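K.L.:
sequence below, structure please.
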Amino acid sequence: MVNSTTLEAKMGCYNLRKNQFLHIAKGNQEVEAKLVVKTAEINWVGTDSPTLIPISIHSSFHEGIEGTLKMEAMIKMIQENIQSSPTILLCEVAHLQVMSLRDSSAKTTCRQDADKLVEEFSPLFEGCKTVFWEDYVQNDSTYSFFREKVYSQYEKDPAFRRFVAEDALSTYTPKRRVLYPNKGLFLEKTKEDLLEQSICLHVLSQKGYKFQTYPGKYYSAVEYLAREMPISLIHVFVAVEKKRVVEPATH
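P.N.:
Residues are numbered from 1 along each chain as shown. Okay, the predicted model is just below:
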């Protein structure tokens, strides 16, 4: 059941709003903060079904002390509203093909960066199952089957190809134009990464996951394919808003 103290019906576009009051010490910084974690979807609240929390390796979401605040607020809110232990998925290969254009050892680099995140947030991940994309998804016995299905759908479905192309183009920001001046090659590698993300969702759904909570939305292509090749995994978009961050007075 939904806790009535955390549910606010139709408040903006969000139905669930949870205040998190945190005290964080990181390095030589110490802050007290109030954050609001909110989501429109509430069908996951109170679930005992397997729930997933993907963590993007090179996202700005978890950078610095403000990133630590957002991570803790989000994970605590999820833990407080489900009856099972969530799985933390480190997404170290989600953008591997694009990164390989600049780093010939991208796979190793990404895994090392993922290991650093696990070490950094180990107290926060306590009580959660922590897994890596390569180990948990790509090495799963169903991965090859779903890879073949996704690529087959891409070859025969013009709408899917159009969504993939549009999503790839949308990621070619001014910053990436500098990092990846070969636009055509960047777009081709981005398409491969998008297809990999679709494969991942099917593997995770096959593993029995019911909900995926993430501070971001699906790409249009991934969302489209989830409808055309139905999966049981439901995406829950979580927003984290900083209301107040102050440094405690020193004595």
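
K.L.:
ranges for the helices of this protein?
P.N.:
Taking DSSP state H, the helices of the chain run over residues 64-81, 96-99, 106-120, 122-125, 133, 143-156, 158-170, 174-179, 183-206, 220-228.

K.L.:
what is the fourth one packed up against?
P.N.:
In terms of contacts (3 or more CB pairs under 8 Å, 6 or more residues apart in numbering; DSSP states H and E), helix 122-125 is packed against helix 64-81. Yep, even glycine has a C-beta here, placed from its N, CA and C like the rest.

K.L.:
taking the mean pLDDT, what do you get for the helix it packs on?
P.N.:
Here helix 64-81 scores 93 as its mean pLDDT.

K.L.:
what comes up buried for that helix?
P.N.:
Neighbour counts using 16 or more other CB atoms under 10 Å place 65-79, 81 of helix 64-81 among the buried residues.

K.L.:
and residue 240, which of the helices of the chain is closest to it?
P.N.:
Across these, residue 240 has its closest neighbour in helix 64-81 (4.5 Å, CB to CB).

K.L.:
list the helices and strands that closest one packs on?
P.N.:
strand 14-26, strand 29-39, strand 51-56, helix 122-125, strand 239-246.

K.L.:
go again using 6 Å as the cut-off
P.N.:
Contacts defined by 3 or more CB pairs under 6 Å, 6 or more residues apart in numbering; DSSP states H and E place helix 64-81 against strand 14-26, strand 29-39, strand 239-246.

K.L.:
in PDB, could you pull the C-alpha coordinates for it?
P.N.:
C-alpha atoms of helix 64-81 as PDB (Å, rounded to 0.1, in the frame of the first residue of the first chain):
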ATOM      1  CA  GLY A  64      30.800  16.000  -6.300                       C
ATOM      2  CA  ILE A  65      29.100  16.400  -2.900                       C
ATOM      3  CA  GLU A  66      25.800  17.500  -4.600                       C
ATOM      4  CA  GLY A  67      25.900  14.200  -6.600                       C
ATOM      5  CA  THR A  68      26.400  12.300  -3.400                       C
ATOM      6  CA  LEU A  69      23.400  14.000  -1.900                       C
ATOM      7  CA  LYS A  70      21.200  13.200  -4.900                       C
ATOM      8  CA  MET A  71      22.300   9.600  -5.000                       C
ATOM      9  CA  GLU A  72      21.600   9.100  -1.300                       C
ATOM     10  CA  ALA A  73      18.200  10.800  -1.500                       C
ATOM     11  CA  MET A  74      17.200   8.700  -4.500                       C
ATOM     12  CA  ILE A  75      18.300   5.400  -3.200                       C
ATOM     13  CA  LYS A  76      16.900   5.900   0.300                       C
ATOM     14  CA  MET A  77      13.500   6.900  -1.200                       C
ATOM     15  CA  ILE A  78      13.400   3.800  -3.300                       C
ATOM     16  CA  GLN A  79      14.500   1.500  -0.400                       C
ATOM     17  CA  GLU A  80      11.800   3.100   1.800                       C
ATOM     18  CA  ASN A  81       9.000   2.400  -0.700                       C
END
